[in-house]
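In: this one's sequence-less:
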């Protein structure tokens with residue numbers, strides 16, 4: 001039922017006969033006491049604003065409430081503490097994106113119908129979700145342990161839940177070591193550093209999960225003929241990495257068609 005069904009057809013006044021037939025006396029009196037505008041046409045009204053004008057801010061809050069992110073209780077408190085941290089804007093903005101699920105991890109990229117391998121490049125053991133990249137990856141766990149002796153298990157909570165819990169933490173040991181603000185700043189900076197290390201590994205092939213080798217060819221006079229350097233992704237024991245590098249060197253020498261020569265090998269450096 002709509003309000004228009006209680007009006008006289010073609011007129012802007014209540015249909016009292018319909019109203020008396022459908023409602024009790026109390027409701028009838030309430031309905032008939034509502035004045036109807038006789039001079040102005042109906043206009044759009046945004047109920048989320050006091051003046052009825054649409055605003056992006058109120059629409060954003062509405063969308064977050066519909067996504068069940070507890071914006072009023074958990075989110076607002078979390079955001080206020082995040083923006084209050086005395087850290088570079090690029091750090092707080094990145095953490096906000098992670099908490100909102102707008103982080104370009106491999107799993108997130110897959111949701112955009114991009115066909116890529118979802119496994120984490122750091123550990124090669126689990127899909128790269130936001131919580132995994134920041135908390136439960138073996139590389140992340142080691143960093144958290146070195147920072148405060150903390151180890152996060154295979155928790156299923158979202159990054160926003162974890163961040164809110166971190167800001168709300170009142171652990172006695174943490175209070176003795178530093179203020180809560182200091183701990184929040186440390187945790188936020190570590191999250192930013194973990195993502196920076198991840199990007200170094202993805203885009204520049206630099207990180208804790210790769211090994212390097214270099215090849216140099218000289219003639220009998222010691223003059224440089226050719227040189228080659230490569231960085232390979234993946235975890236490998238030193239002996240295995242050295243063996244694979246030797247294989248690459250022999251294949252490279254064969255490809256250069258050197259007829260005679262001496263192979264001098266130096267142990268590779270790993271990162």
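Out: That came through fine. Small disclaimer: the values here were computed from a predicted structure and weren't measured. Numbers count the residues shown, from 1 in each chain.
In: Next, the distance between the ends of stretch 7-16.
Out: The first and final residues of stretch 7-16 sit 8 Å from each other (Cα to Cα, to the nearest Å).
In: And stretch 11-29, by the same measure?
Out: By Cα to Cα, the extent of stretch 11-29 from end to end equals 20 Å.
In: By mean pLDDT, point me to the weakest helix or strand of this protein.
Out: For the chain, the helix or strand with the lowest mean confidence is helix 172-177, at a mean of 46 (criterion: mean pLDDT, DSSP states H and E).
In: where do the helices sit along the protein?
Out: Secondary structure of the chain, counting by DSSP state H: helices at 16-22, 25-32, 56-66, 76-84, 89-99, 106-110, 130-131, 138-148, 159-168, 172-177, 180-203, 238-256.
In: If we go by neighbour counts, what in the fourth one is buried?
Out: Neighbour-count burial for helix 76-84, counted by 16 or more other Cβ atoms under 10 Å, picks out 78, 79, 81, 82. Every residue, glycine included, has its C-beta placed from N, CA and C.
In: gap between stretch 89-109 and the chain center?
Out: 3 Å (Cα atoms, centre = their mean, to the nearest Å).
In: pLDDT weak spots in the stretch 1-150 of the chain?
Out: Across the stretch 1-150 of the chain, the ranges flagged by pLDDT under 70 are 40, 67-76.
In: okay, the helices of the chain in CSV with distance to residue 7 next?
Out: Shown next, in CSV, are these (distance: least, Cβ to Cβ, whole Å):
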stretch, distance to residue 7
helix 16-22, 9
helix 25-32, 11
helix 56-66, 30
helix 76-84, 42
helix 89-99, 48
helix 106-110, 51
helix 130-131, 53
helix 138-148, 63
helix 159-168, 47
helix 172-177, 64
helix 180-203, 58
helix 238-256, 82
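In: Return the most buried member of the ones you listed.
Out: Highest mean neighbour count among those (mean count of other Cβ atoms under 10 Å): helix 130-131, with a mean of 23.
In: No more questions from me, cheers.
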